[in-house]
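1. Generate a structure from the sequence data that follows.
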Amino acid sequence: MIVCNPDKVRPDKGLPPMPGAIGDSYESFLDHNFDSKKDSKDLVKRIGKPFLEVYALAIGDTDPTNAVMVGDALETDITGGELAGCKTCWIVKDGIHSEAIEVANDNQKNNGSLLLFEKSCLKVLEEFNEQKKVRYHLGHGVIKPSYILPHFQW
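-> This is a model prediction of the structure:
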């Protein structure tokens with residue numbers, strides 16, 4: 001199976017599944033239903049963020065420290081940028097983590113202060129790094145964006 005977009009959810013209401021979630025389900029199905037000499041991870045190839053092939057294509061011979069990966073997803077965008085050696089910019093209010101940021105804000109009785117917004121972002125980031133289920137960043141240390149912005153617009 002080739003998964004051309006490893007994102008697991010879309011940033012729409014209800015966070016509907018994306019191809020990355022289908023790839024995870026297929027791997028799990030193979031692991032539980034077949035006695036194969038091949039590892040299920042060898043039977044599912046992911047192409048795209050956070051896997052390094054896409055960064056090699058995008059960056060080419062450029063020094064990756066001169067590039068910034070901008071994205072909303074910690075698992076694919078920020079993880080991939082960090083693994084590729086880029087700076088990263090996490091967009092939090094326009095993507096898949098926006099609801100978690102809002103909940104963290106509400107739990108802190110947010111009065112609109114920038115400090116509480118920052119604390120909410122750090123809380124969501126900490127929870128992400130503590131997750132034990134299958135994540136692309138596992139084994140690669142703590143994910144920490146270089147920059148955090150509420151919105152990104154052209």
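2. tell me the phi and psi of Lys8?
-> Per-residue torsions, Lys8: phi -100, psi -30 (degrees, to the nearest 10).
3. what's the answer for Gly20, then?
-> Dihedral angles (degrees, to the nearest 10) for Gly20: phi -60, psi -40.
4. Look at it and say how many residues are nearby.
-> Per other CB atoms under 10 Å, the neighbour tally for Gly20 reads 22. In this view, the C-beta of every residue, glycine as well, is placed from N, C-alpha and C.
5. repeat for Leu52
-> 13.
6. thought it was touching Gly85?
-> No - using CB atoms under 8 Å, Leu52 is not in contact with Gly85; the gap is 9.6 Å.
7. how about the residue nearest to Ile96 when sequence neighbours are not counted, what does it touch?
-> The shortest distance from Ile96 to any residue other than its chain neighbours is 4.6 Å, reached at Pro11 (CB to CB, 6 or more residues apart in numbering). Neighbour list for Pro11: Asp72, Asp94, Gly95, Ile96, Ser98 [criterion: CB atoms under 8 Å, 6 or more residues apart in numbering].
8. give me every residue that touches the first one.
-> I take that to be Asp72. Pro11, Trp90, Ile91, Val92, Asp94, Gly95, Ile96, His97, Ser98.
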